[in-house]
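In: Sequence and predicted structure below; questions after.
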Amino acid sequence: MKLYISPSTLRGSVNIPGSKSHTIRAVAIAALADGESRIAYPLDSADARSAFRAYRAFGVEIEDEGDLWRVQGLAGRFQAPENVIDVRNSGTTMRMVLGSAALLKSGLTVLTGDAQVRNRPCGPLAEALNALGADVRATRGNGKPPFVVGGCMRGGKATIEAVTSQYISSLLLNAPLAEQDTRLTVPLLNEKPYVHITLDWLERQGVHVDYAEDLSEFHIPGKQQYIPVDRRIPGDFSSATFFLAAGAIGENDIVSCGLDMTDSQGDKAVVDFLQQMGAEVTVNEESIQIRAKSLQGCEIDMNATPDALPMMAVLACCAEGETRLVNVPQARLKETDRIAVMRMELEKMGADIEELPDGLVIHQSDLHGAEVMGHDDHRVVMSLAIAGSVATGRTCIHGAEAMEITYPEFANHLQGLGGLVAMEYDSDEDEEYVDD
């Protein structure tokens, strides 16, 4: 699919979809719990559906009632899947389900994904699971999917360097059901707020974990049991990032609805980033309004918020002076190398931008329309769409179908704010104009 975007003034309100991070954790915990769970207003996207299908493959009953998912948990007593579990593009699902597969007492689980997921590292997680009693093997011997999982995680001690927080979240979610206690030593941990999301879920669902304040050590008692989930999924700050940042550009004025600043999501820090750069920010009980003002470049440590890097790179093009987005080397290990990709695509649009090993340096730039690539990365596509709304001329984004991964309604929401957007489907699909 191609997404075309012309210069646009964006004003109005937008309802932010549910959090991917919360939805996938809710599905995993509901599957691990004993009894019926109710997940209200889950994110209905490709990534969330990957988790939905993966846990169904273990014999978990999950019913889709639209804005409510009912899950009949098995307390971790999963069945060996009848077929290969394909998580498609969901790296989060791959890591969470890898830990869950290690709970099976008999049989084997085979996990794979699309080309991007098969190139994303999971070796440290596999090694930790093996240290805890499982038998996890990469079919190509490279620490990346596909994996064959056997054995049974029983607990013990493991040391793991977590270049992605998903390694730790997977262990925290699944190790409480092991027969013995688990002790984790974590000398490196990126994206700490995502671990706090997981810890909040554990506490809500009756599971106890002791941990060091800096998250360098965890003690997870074994033989625990989750209580069923009964919760509405909060709005997604990662998805909101595009419209929060867009509100700070040009003459835009956007209210993002369904957001709770008391939630543990790390990407709520984007609101602080915007204030630091000079945007006018109004935080209400369930919404955040961002109005454009003159933006100033600055240095931002993005280690805890790697998903925000693509959009912050676009915003930096609109800020006076120099902006440095730093301390986020793990952004190179996402769906694509987001540091290299955002430099490459924004350069096509006229950006003055350079790569660092762990980030980007961007100078104020007058962007112009161009033919750019989405690189099968939902956050790259959506960031480039906002870039197109402030560029002169028309921008064409190839591979825009990647939006379906986390935000299927993004183009419609952009149009609803005044975005001049058109979608063109490939091959025999008809061209659909959202607005022209």
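Out: Perfect, I can see it now.

In: From here on, just use CA atoms for contacts and neighbour counts.
Out: OK.

In: Residue 117 contacts residue 91, doesn't it?
Out: Yes - Residue 117 is within contact range of residue 91, at 5.8 Å (criterion: C-alpha atoms under 8 Å).

In: what touches both of those two?
Out: When contacts are counted by C-alpha atoms under 8 Å, 6 or more residues apart in numbering, residue 117 and residue 91 are jointly contacted by residue 335.

In: Secondary structure of residue 137: a strand, I assume?
Out: Yes - Residue 137 forms part of a strand when assessed by DSSP: H, G, I helix; E, B strand; the rest coil.

In: Show the pLDDT at it.
Out: For residue 137, the pLDDT comes out at 97.

In: That one touches residue 129, doesn't it?
Out: No - counting by C-alpha under 8 Å, residue 137 stays clear of residue 129, with 10.4 Å between them.

In: of these two, who's got more company?
Out: Legend: neighbour count by other C-alpha atoms under 10 Å for residue 137 and residue 129, higher for residue 129 (30 against 21).

In: where does that one land in three-state SS?
Out: helix.

In: outside of the strand or helix carrying residue 48, which residues touch it?
Out: Using DSSP states H and E, the element containing residue 48 is helix 46-57. If you take C-alpha under 8 Å, 6+ apart as the criterion, helix 46-57 is touched by 20, 23-24, 27-28, 31, 62, 81-83, 85-90, 93, 97, 404-406.

In: Restricted to helices, list these.
Out: Counting by DSSP state H, the part of these found in helices is 20, 23-24, 27-28, 31, 93, 97.

In: show me what contacts residue 371?
Out: Contacts here follow C-alpha under 8 Å, 6+ apart; on that basis residue 371 touches 348, 395-398.

In: so what pLDDT did it get?
Out: The model reports residue 371 with a pLDDT of 97.

In: now the one 10 residues further on
Out: Residue 381 carries a pLDDT score of 97 in this model.

In: begin at 58 from here
Out: In the new numbering, first residue 58, that becomes residue 438.

In: Backbone torsions only: list them for the nearest residue to it once chain neighbours are set aside.
Out: Spatially, and ignoring its direct neighbours in sequence, residue 438 is nearest to residue 431 (4.7 Å; C-alpha to C-alpha, 6 or more residues apart in numbering). Torsion angles at residue 431 (phi, psi; degrees, to the nearest 10) stand at phi -90, psi -10.

In: and residue 431, how many neighbours?
Out: Burial measure for residue 431: 27 neighbouring residues, criterion other C-alpha under 10 Å.

In: Contacts only, for it.
Out: If you count contacts by C-alpha under 8 Å, 6+ apart, residue 431 has them with 437-438, 441, 454-457, 459.

In: Next: residue 210.
Out: By C-alpha under 8 Å, 6+ apart, the contact set of residue 210 is 159-160, 186-187, 189-191, 232, 235.

In: Which ones among the residues you listed lie within helices?
Out: 186-187.

In: export the contacts of residue 210 to a markdown table and tack on distance to residue 103?
Out: Listed next are these as a markdown table, based on distance: C-alpha to C-alpha, whole Å:
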| residue | distance to residue 103 |
| --- | --- |
| 159 | 24 |
| 160 | 25 |
| 186 | 27 |
| 187 | 30 |
| 189 | 31 |
| 190 | 32 |
| 191 | 29 |
| 232 | 27 |
| 235 | 30 |
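
In: Save the contacts of residue 210 as CSV, and put in distance to residue 417 and pLDDT too.
Out: Putting the contacts of residue 210 into CSV (distance: C-alpha to C-alpha, whole Å; pLDDT from 0 to 100) gives the following:
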residue, distance to residue 417, pLDDT
159, 38, 97
160, 41, 97
186, 34, 98
187, 37, 98
189, 38, 98
190, 41, 97
191, 39, 97
232, 37, 98
235, 42, 97
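
In: which one of the contacts of residue 210 is nearest residue 289?
Out: When these are compared for distance to residue 289, the smallest value, 25.1 Å, is given by residue 232; criterion: C-alpha to C-alpha.

In: Can you get me a residue count around the closest one?
Out: Burial measure for residue 232: 30 neighbouring residues, criterion other C-alpha under 10 Å.
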